[in-house]
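Enquirer: sequence isn't available, so here's the structure alone:
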């Protein structure tokens, strides 16, 4: 048997097949390597801030080293106050990343149950109208107003960002509940007398947790950007506590003079963390798709 006159077992076809398999294997290995690096960034930055001995204090300025360019003594240079940019960039990860992850976890804990039980009835419809109206408002404005009203502590920042992120999980879990409630195993659970709570979590959420995890990772990345914007505006971390957004704001005046390092390195760290979270979200989505296809 042949394809366009070429035997199926011809050397040309075998080489092409080997090349295709080789490219697929290289792509899979590189994708795994990138995912591992992304996870190491998210886990490693806060751990590094906890265990690493800083070359200079991230909280005390050096009046003899104002706006010093990167060098062997000051690896990332110093800012306009004489503070070491490297130490402050690493120290900021200890604050920004836990806030983003904590706010995302709180938004998930609040939003998922609301979405699972907002599938029918007047209460569910009213809840979704409130969520839709809330989601239409500017995120930064809601967060700024909420933080100022609550006092401006770190816990207040977590709560404000969680409130902003919760509507995503409400909508997502409600959509999953609406699509799965007509499934046979859900109808069978209802017919056997399972409680609404058990049906919601054991039969609906259990089969939709994958998309919730992907959304949680994306929400954490978005929360990290929101935290940076809030700190850039002066809402959130109080000086001298470093934050990526606050460091970018402090280095903005230096950037105009051409001294890029005071804002450039914290910007790079923030983008690296956000990109790593997005890579993890993509890896989770691919894994979930493979599991679904295998069923």
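Expert: Perfect, I can see it now. These numbers were taken from a predicted model, which means no experiment stands behind them.

Enquirer: find me the pLDDT at residue 131, would you?
Expert: According to the per-residue confidence, residue 131 scores 85 in pLDDT.

Enquirer: same check, this time on residue 17
Expert: Residue 17 is assigned 53 on the pLDDT scale.

Enquirer: just residue 173 next, same as before
Expert: pLDDT recorded at residue 173 is 88.

Enquirer: that one - how many residues pack around it?
Expert: Neighbour count for residue 173, taken as other Cβ atoms under 10 Å: 28. Yep, even glycine has a C-beta here, placed from its N, CA and C like the rest.

Enquirer: where's it, which helix or strand?
Expert: Secondary-structure element containing residue 173, defined by DSSP states H and E: helix 154-180.

Enquirer: what about the next helix or strand after that helix, distance to the chain center?
Expert: Once helix 154-180 ends, the next helix or strand along the chain (criterion: DSSP H and E) is helix 184-191. Here helix 184-191 is found 35 Å from its chain centre; the criterion is Cα atoms, centre = their mean, to the nearest Å.

Enquirer: before we move on, back to that, what is the helix holding residue 173 packed up against?
Expert: Applying 3 or more Cβ pairs under 8 Å, 6 or more residues apart in numbering; DSSP states H and E, we find helix 154-180 packed against helix 85-116, helix 121-135, helix 139-150, helix 209-232.

Enquirer: tell me what angle it forms with helix 121-135.
Expert: Here helix 154-180 runs at an angle of 130 degrees relative to helix 121-135 (axes from the mean of the first three to the mean of the last three Cα atoms, to 10 degrees).

Enquirer: and helix 154-180, what's buried?
Expert: Within helix 154-180, the residues scored as buried using 16 or more other Cβ atoms under 10 Å are 156-174, 176-177, 180.

Enquirer: cool, stretch 223-235 as well?
Expert: By neighbour count on 16+ other Cβ under 10 Å, the buried set for stretch 223-235 is 223, 224, 225, 226, 227, 228, 229, 230, 231, 232, 235.

Enquirer: repeat that for stretch 105-125.
Expert: Those would be 106-108, 110-119, 124, for stretch 105-125 by 16+ other Cβ under 10 Å.

Enquirer: any stretches of this protein with poor pLDDT?
Expert: Low-confidence segments of the chain (pLDDT under 70): 1-30, 120, 294-295.

Enquirer: try it again at 50.
Expert: Residues of the chain that meet the criterion pLDDT under 50 lie in 1-3, 5-7, 13-15, 18-19, 22-24, 26-27.

Enquirer: contact partners for the closest residue to residue 198 other than its chain neighbours?
Expert: Nearest non-adjacent residue to residue 198, counting by Cβ to Cβ, 6 or more residues apart in numbering: residue 189, 7.3 Å away. Shown in contact with residue 189 (Cβ atoms under 8 Å, 6 or more residues apart in numbering): 198, 199, 202, 203.

Enquirer: thought residue 252 was touching residue 260?
Expert: No: between residue 252 and residue 260 no contact is recorded; they are 10.7 Å apart, counting by Cβ atoms under 8 Å.

Enquirer: ends of stretch 130-139, how far apart?
Expert: This stretch, stretch 130-139, spans 15 Å end to end (Cα to Cα, to the nearest Å).

Enquirer: list the contacts of it.
Expert: Residues contacting stretch 130-139 (Cβ under 8 Å, 6+ apart): 142, 164, 167, 170, 171, 226.
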